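In: sequence and predicted structure are below.
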Amino acid sequence: MSSITKEKVISALKTVYDPDLKRDLVTLNMVKDVQINSAEINVSIELTTPACPLKDKIKQDCIDAIKKEIPTAQKVSVTLSSNVRYSLGQGKNEILPGVKNTIAVASGKGGVGKSTVAVNMAVALAKEGAKVGLIDADIYGPSVPLMLGINGKPKIYQDTATAKMVPLENFGIKVMSIGFLIDDDAPVIWRGPMASGAIKQFMSDVRWEELDYLVFDLPPGTGDIQLTLVQTIPLSGAVVVTTPQDVSLIDVKKAIRMFQRVNVPILGIVENMSYFIAPDTGKKYYIFGSGGGEKLAKELSVPLLGSIPINQNIREGGDNGKPIVFESPETEESKKIFEISRNLAAQISINTLSSKTSKIEILMGDDN
Ligand code: ADP
């Protein structure tokens, strides 16, 4: 059995590619350990996100490649772990030093399901094992507290130098909302001017600690408030939610242009309310038309992260404060949302790798 060497295992792993990042696992510095015990081999692979959409494939590809290179191996196993990277560079984000990635969820107009998507995506990422925070910046209708069944006021954490708000928690995510701080009947005219101030405070005066992903549920639309917010928040990228119908797609183009104007990468489009499956007959209906999101994604050269059906359980989960991905993760509609979250996490890893500074960090084996 002396023919089994670490070098041979590494050479086998050089042939295994991360399908999203399009490089081999050795170059990506994902191989963290190789253990050889007689004819048994175990390799430890560190992914760039716990929500990696292709983790099962990567695992199987490693096993196949090692068995091919070393036919005498009797047992090959792979241990997967993950380490989310800083898309903005470690230490670059001074207001949120422990936050690795910031994601804005936006929409061209209200009522398309932006908050529903933001909440469920955040909970789905946390269920995959990521550390997730959610900032409800929707000043017109902060619905996140209701959708996550959270009410109350944030406690204050005081140490010797500073006092910070402690985010509220439910379903494994940390949450701050405008709704925790202002009355529901406060006039909209007063909300606007205070919005960017409040959002700044949510970043600088909240004890977020370490987070892999911090999701911002932005107000709908593309007015001055949105533009100010987008420029206030140090963003890894934006997700834009739309329904498939034309009128919504026109608005979504405006939203995408707004982000592009301030150099925020578009991580992808989510098409919500894409279709309805009648529970009694199983027949599929395209209530708002079909293919709109896909067409738009192609036209603007941005990824389509996925589509979500109209479904009573999604609406009820929102109204009852029990997100569907937590309450019924095995349903078709939850699986669609998990798929979208994984595609989002993968897109962030791809963008991180393709930005020059991060490429150097990763190739040099930075352990952040
Ligand atoms: P927005 O943030 O875009 O204004 P919301 O997320 O508040 O939209 O959603 C508006 C309403 O539509 C809510 O009652 C929500 O429960 C419902 N809703 C959103 N997405 C779906 C869906 N896929 N299926 C059923 N109801 C949905």
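Out: Everything's here; your move. Owing to the predicted nature of the structure, the values given are computational and were not obtained by experimental measurement.
In: residues from the chain in reach of the ligand?
Out: Taking Cβ under 6 Å from any ligand atom as the contact definition, the chain meets the ligand at 107, 110-116, 143, 220, 272-273, 308, 310-311, 314-315, 318. C-beta coordinates here come from the backbone N, C-alpha and C atoms, glycine included.
In: write the ChimeraX selection for whichever of the residues you listed are buried.
Out: Filtering these down to the buried ones (16 or more other Cβ atoms under 10 Å) takes a single ChimeraX command:
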select :107,112,113,114,115,116,143,220,272,273,308,310,311,314,318
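In: show me where the chain has its helices.
Out: Assigned by DSSP state H, the chain shows helices spanning 6-13, 55-69, 114-127, 144-147, 178-181, 188-204, 224-232, 246-261, 292-300, 312-320, 324-327, 332-354, 356-363.
In: contact partners for the residue of the stretch 101-250 of the chain found nearest the ligand?
Out: For the stretch 101-250 of the chain and the ligand, the shortest gap (Cβ to the nearest ligand atom) falls at G113, measuring 3.0 Å. For G113, the contact set (Cβ atoms under 8 Å, 6 or more residues apart in numbering) comprises 241, 243, 272-273, 308.
In: repeat for I350
Out: 20-21.
In: quick check: it vs the ligand, distance?
Out: Note on I350: its distance to the ligand, by Cβ to the nearest ligand atom, to the nearest Å, is 26 Å.
In: for L21, grab the count of nearby residues.
Out: Using other Cβ atoms under 10 Å, the number of residues around L21 comes to 22.
In: state the distance from it to S307.
Out: Using Cβ to Cβ, to the nearest Å, one gets 24 Å for the distance from L21 to S307.
In: what's the answer for V43, then?
Out: Distance from V43 to S307, by Cβ to Cβ: 36 Å.
In: again with I348
Out: Between I348 and S307 the distance is 20 Å, computed by Cβ to Cβ.
In: please apply the same query to T72.
Out: In terms of Cβ to Cβ, T72 sits 47 Å off from S307.
In: which one of the two has more residues nearby?
Out: More crowded of T72 and S307, by other Cβ under 10 Å: S307, with 21 against 10.
In: what residues are up against the more buried one?
Out: Contacts of S307 (Cβ under 8 Å, 6+ apart): 244, 270-272, 274-275, 293, 336.
In: looking at those residues, which is nearest the ligand?
Out: Distances from the ligand to the contacts of S307, taken by Cβ to the nearest ligand atom, are shortest for N272, at 5.1 Å.
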